[in-house]
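K.L.:
here you go, sequence then predicted model.
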Amino acid sequence: MTRPPFLRALHAEWTKFRTEAGPAWLLLAAIASTVALGAGADGSAHCAPPDCASDVTRLSLTGVMLGQAAVAILAVLAIGNEYGTGMIRTTFTAVPRRAAVLAAKGTVLTGTVLAAGAVAIAASLLAGRLVLPGNGFTAANGRPPISLADGPTLRAAAGSVLYLVLIALLALGVAAAVRDSAAAIGTVLGLLYLFPIVINVIGDPAWQRRLEKIAPMPAGLAVQATTGLAGLPISPWRGLAVLAAWAAAALLAAVALLRARDA
């Protein structure tokens, strides 16, 4: 019995993913960089009452801002390498339905980034739980240890994992549309890291808040906040929805271009 195109594409993409060394190393880099930067941020923070207002959960998840770069590169190379070598023609010959190929790549990326992201976020929070009490973030100072039993912390953790998945899908869509790994990596990293620079350069607070509501990284990372939610430019889940809209737009553009162009 012939398998549907999507299942054939999914099997092929999973085979490529697990037999190549690059993806595994990039996932390890994403985990290591996320945990290392988060632990460094924990180690540099100090609580000396009454100045003890840090959002410790968000502080421990600081490393996501670095780990996302490895995730984005992983997603770009998932299709960019095939365009670079010309193997994309073989892929599209085996599975002519190009949307199915993109969906299969997205499914494999989603599953692997979910797993790696869960490990990275859990390890980052564990590092915060171990390091921060030594810097004065104790229950006696009004800062109990980080715990996933706390609703806002659980939301920040789950949201951070979803954030990394959405970054991967955004990067996949951009790479499929651009068809060049270097250009796609530059585009995605520019979207992520240039927006905050522009926001900081702008002197008008009103415009800063407007940009923070639409920029993929500032809006998406609002999901990590567990304190001072009323003062955020955008609420946590709405911010993540903004990033989801960026990812959806990139994937829809990619599907349209894949159907309109030759391989």
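P.N.:
Sure, I can see it. Residues are numbered from 1 along each chain as shown.
K.L.:
give me the neighbour count for Ala100.
P.N.:
17 (other Cβ atoms under 10 Å). For every residue, glycine as well, the C-beta is placed using N, CA and C.
K.L.:
so it touches Arg3, yeah?
P.N.:
No - Ala100 is beyond contact range of Arg3, at 11.1 Å (criterion: Cβ atoms under 8 Å).
K.L.:
so where's this protein shaky on pLDDT?
P.N.:
Residues of the chain meeting the criterion pLDDT under 70: 1-2, 263.
K.L.:
tell me where it has helices.
P.N.:
Using DSSP state H, the helices assigned to the chain run over residues 5-19, 21-44, 56-60, 64-85, 88-94, 98-131, 151-178, 181-201, 205-214, 216-220, 236-260.
K.L.:
packing partners of the third one?
P.N.:
In terms of contacts (3 or more Cβ pairs under 8 Å, 6 or more residues apart in numbering; DSSP states H and E), helix 56-60 is packed against helix 21-44, helix 98-131, helix 151-178.
K.L.:
same list (the ones you listed) but as CSV, adding distance to Ala206.
P.N.:
Shown next, in CSV, are those (distance: least, Cβ to Cβ, whole Å):
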stretch, distance to Ala206
helix 21-44, 29
helix 98-131, 33
helix 151-178, 26
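K.L.:
of all those, which lies closest to Ile79?
P.N.:
Among the helices and strands packed on helix 56-60, helix 151-178 comes nearest to Ile79, with 5.1 Å by Cβ to Cβ.
K.L.:
helices or strands up against the closest one?
P.N.:
Secondary-structure packing of helix 151-178 (3+ Cβ pairs under 8 Å, 6+ apart): helix 56-60, helix 64-85, helix 98-131, helix 181-201, helix 216-220, helix 236-260.
K.L.:
list the buried ones in that helix?
P.N.:
Of all the residues in helix 151-178, those buried under the rule 16 or more other Cβ atoms under 10 Å are 152-153, 155-178.
K.L.:
and the residue lying closest to Arg259 once chain neighbours are set aside, how far is that from Pro5?
P.N.:
Sequence neighbours aside, Arg98 is the residue nearest to Arg259 in space, at 6.1 Å (criterion: Cβ to Cβ, 6 or more residues apart in numbering). Look at Arg98 and Pro5: by Cβ to Cβ, to the nearest Å, they are 10 Å apart.
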